[in-house]
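# Everything below, folded, please.
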Amino acid sequence: MATVTRVGNLIGEGQPRRAQIAAYVAFGMGAGVMLVSAITFVALRNILPGIYTEDAAVIAAGAGILPIAAAFQLFDGTQVVGSGILRGMGAPAPRPRSTCSATTAWGFPSPGGSGSGRAWDWSGSGGG
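Below is the predicted model of the structure:
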């Protein structure tokens, strides 16, 4: 919300250069926070699942999918900040189009492949 407000206010004041700087700073800060989260997920992938269970199989499965969650953290966090920048600019339309495209390209085929009768494990989904 801070990005939306900051960028929107600066554009409204007729200061597009300052709005651009605010957008870059917000995007960099968002990416930095998400990068720390992603690194934490990868670095502690064998420890974090152990907080919730002592079952070795569950811990192994969790350790296998945490790198996927790490990538998600990085990309999802930056797209949220980017969406805030676009909304602040008064141009929210690209966000739904990109979300729809990504869902169509990646989200819909994934369940179809996993329901194809093939035996998939986490490594089949890129989890390692």
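
# Tell me the buried residues in whichever helix or strand residue 77 is part of?
Residue 77 belongs to helix 56-88 when assigned by DSSP states H and E. Residues 59, 61-67, 69-70, 73-74, 77-79, 81-88 are the ones in helix 56-88 that count as buried (16 or more other C-beta atoms under 10 Å). (Each C-beta comes from the backbone N, C-alpha and C, glycine too.)

# Now do that helix: distance to the chain's middle.
4 Å (C-alpha atoms, centre = their mean, to the nearest Å).

# And that helix, what does it pack against?
If contacts are counted by 3 or more C-beta pairs under 8 Å, 6 or more residues apart in numbering; DSSP states H and E, helix 56-88 sits against helix 2-12, helix 16-43, helix 94-102.

# will you turn those into JSON lines that also has distance to residue 53?
Listed next are these as JSON lines, based on distance: least, C-beta to C-beta, whole Å:
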{"stretch": "helix 2-12", "distance to residue 53": "37"}
{"stretch": "helix 16-43", "distance to residue 53": "17"}
{"stretch": "helix 94-102", "distance to residue 53": "32"}
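
# Export these as TSV, with columns for distance to residue 50 and mean neighbour count.
Listed next are the helices and strands packed on helix 56-88 as TSV, based on distance: least, C-beta to C-beta, whole Å; neighbours: other C-beta atoms under 10 Å:
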stretch	distance to residue 50	mean neighbour count
helix 2-12	35	17
helix 16-43	14	16
helix 94-102	33	12
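
# can you tell which of those helices is closest to residue 51?
Proximity to residue 51, assessed across the helices and strands packed on helix 56-88 by C-beta to C-beta, is greatest for helix 16-43 (12.8 Å).

# helices and strands around the closest one, which ones?
Contacts defined by 3+ C-beta pairs under 8 Å, 6+ apart place helix 16-43 against helix 2-12, helix 56-88.
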